[in-house]
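Student: Below is the structure, and that's it, no one-letter string:
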């Protein structure tokens, strides 16, 4: 699917200032370690058993918690999971989804070299630890 709009971390930050919700699709432990300030956590995959397993509830939780017309920016660690999440959301009928390329840490080039820096590397607001009302457990309850 090539119909996913992708933006830089700075552009994503500007969108959040305009009322867009930032949804971090990384795992719960990754989210707790550090995330964009004010972001919500809805993992597209869960960590466990030495790897990642798809979150079968991802689309249902997103629809119930935000709605298909919500303005949503998705982000992850380096841009891969969030692109998959954006494609899945658009495919499910969400109408205002933008992917923040480069994610939290930054994207790598084709040969592993440093690419575009992510949210945490460009000096944008970050937070760690508890996220009352915005953790995956809390978002699921709202949904």
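Tutor: Looks like it arrived, so ask away. If you're wondering where the values come from, they're calculated on a predicted model, not measured in any experiment.
Student: Mind listing residues that contact the longest helix along the chain?
Tutor: Identified as the longest helix of the chain according to DSSP state H is helix 80-91. Here helix 80-91 makes contact (Cβ atoms under 8 Å, 6 or more residues apart in numbering) with 1, 3-4, 6, 23, 25-26, 44-45, 58-59, 62, 72, 74-76, 97-101, 103. Every C-beta, even on glycine, is put in place using the N, C-alpha and C of the backbone.
Student: one more time with 7 Å, if that's ok
Tutor: Helix 80-91 has contacts (Cβ atoms under 7 Å, 6 or more residues apart in numbering) with 1, 3-4, 25-26, 44-45, 58-59, 62, 74-76, 97, 99-100, 103.
Student: Using neighbour counts, trim those to the buried set.
Tutor: 4, 25-26, 44-45, 58-59, 62, 74-76, 97, 99-100, 103 (16 or more other Cβ atoms under 10 Å).
Student: Of these, which belong to helices?
Tutor: The helices, defined by DSSP H, take in 58, 59, 62 from those.
Student: and residue 69, how far is that from residue 143?
Tutor: 16 Å (Cβ to Cβ, to the nearest Å).
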